[in-house]
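> sharing a model that was predicted from the sequence below.
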Amino acid sequence: DAGVIQSPRHEVTEMGQEVTLRCKPISGHDYLFWYRQTMMRGLELLIYFNNNVPIDDSGMPEDRFSAKMPNASFSTLKIQPSEPRDSAVYFCASARLSYNSPLHFGNGTRLTVT
Amino acid sequence: RKEVEQDPGPFNVPEGATVAFNCTYSNSASQSFFWYRQDCRKEPKLLMSVYSSGNEDGRFTAQLNRASQYISLLIRDSKLSDSATYLCAVRPGSGGSNYKLTFGKGTLLTVNP
């Protein structure tokens, strides 16, 4: 089975540019999560969806961040405009609808904003 | 108090040693618990779920103490390949807004030859 697929693997951009991260969850999974990982703050939940509907976006840092899930097989996380402090590894993860189901992570996108 | 806290580490142990990690959580209503392993520059991968009665998978034993609100991971006969960061994760409940998984910051383990 294909796992969670994220693109791009690496993104280097200049401050002020728009960045779009993409994710394809595992087929049949009902939940999709976006996390950000830094050395200082660890793995932070940004937003998660259930059946394509955003459930909790309280972790989204500010209005510069937005996430969409137009269908069950695709989600995007957009940062506009990007800032150097957004540099981090962004992970997408998916899970089945069961309270004891673990998350399955994609390979992540390493974002560097200069 | 943070939602999920772990031993800060790092842990440096010789091969064959037994090492234990603890992780405390603040929400007494939490329902699901997991240990993840993350290798350098890789994604977290599920190591094992933690069940109420405790569970074992080979050299790895996970335990849950609801009264004291902590979970633990014990690694016996550690191998060089066990070197990684170990993350605990806690889910408050089932369904809706309680489905999110909160992670600890992780504990770095290095097993030395």
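Received the coordinates, thanks. The structure displayed is predicted, hence computed values, not measured ones.
> what about chain B, any weak spots by pLDDT?
For chain B, the stretches with pLDDT under 70 are B:93-97.
> if you set the cut-off to 80 instead, what comes out?
B:1-2, B:8, B:92-99 (pLDDT under 80).
> and it, which residues reach chain A?
Within chain B, the positions near chain A by C-beta under 8 Å from any C-beta of the partner chain are B:31-32, B:34, B:42-46, B:49, B:87, B:89, B:91, B:93-97, B:99-106. For every residue, glycine as well, the C-beta is placed using N, CA and C.
> please indicate which of these are buried?
By neighbour count, with 16 or more other C-beta atoms under 10 Å in any protein chain shown, these hold B:32, B:34, B:43-44, B:49, B:87, B:89, B:91, B:99-106 as buried.
> how far off centre is stretch A:42-56?
Its chain's C-alpha centre and that of stretch A:42-56 lie 8 Å apart, by C-alpha atoms, centre = their mean, to the nearest Å.
> could you pull out the buried residues of that stretch?
Those buried within stretch A:42-56 under the rule 16+ other C-beta under 10 Å are A:42-43, A:45-50, A:55-56.
> just to revisit the earlier point, among the residues of chain B next to chain A, which are in strands?
Among the residues of chain B next to chain A, the members falling in strands (DSSP state E) are B:32, B:34, B:45-46, B:49, B:87, B:89, B:91, B:102-103.
> can you list the residues of chain A near chain B?
Residues of chain A lying near chain B (C-beta under 8 Å from any C-beta): A:31, A:33, A:35, A:41-43, A:45, A:48, A:50, A:55-56, A:91, A:95, A:99-100, A:102-108.
> picking up where we left off before, for A:A67, state which of the buried ones among the residues of chain B next to chain A is nearest.
B:K100 (14.0 Å; C-beta to C-beta).
> quick one, phi psi at that closest one?
Phi and psi for B:K100, reported as degrees, to the nearest 10, are phi -70, psi 150.
> for B:C88, which non-adjacent residue is closest in space?
Once flanking residues are discounted, B:C88 sits nearest to B:C23: 3.4 Å by C-beta to C-beta, 6 or more residues apart in numbering or on different chains.
> would you mind getting the angle between the helix or strand harbouring the one you found and strand B:45-50?
Taking DSSP states H and E as the definition, B:C23 sits inside strand B:19-25. Angle, strand B:19-25 to strand B:45-50, by axes from the mean of the first three to the mean of the last three C-alpha atoms, to 10 degrees: 70 degrees.
> pretty sure A:C23 sits against A:S73.
No: taking C-beta atoms under 8 Å as the definition, A:C23 is not a contact partner of A:S73, at 9.6 Å.
> low-scoring stretches of chain A, by residue?
A:1, A:97-100.
> okay, which residue is most central for it?
Closest to where the C-alpha atoms of chain A average out (C-alpha atoms, centre = their mean) is A:W34, at 3.1 Å.
> ok, it to chain B distance?
Using C-beta to the nearest C-beta, to the nearest Å, A:W34 is found at 11 Å from chain B.
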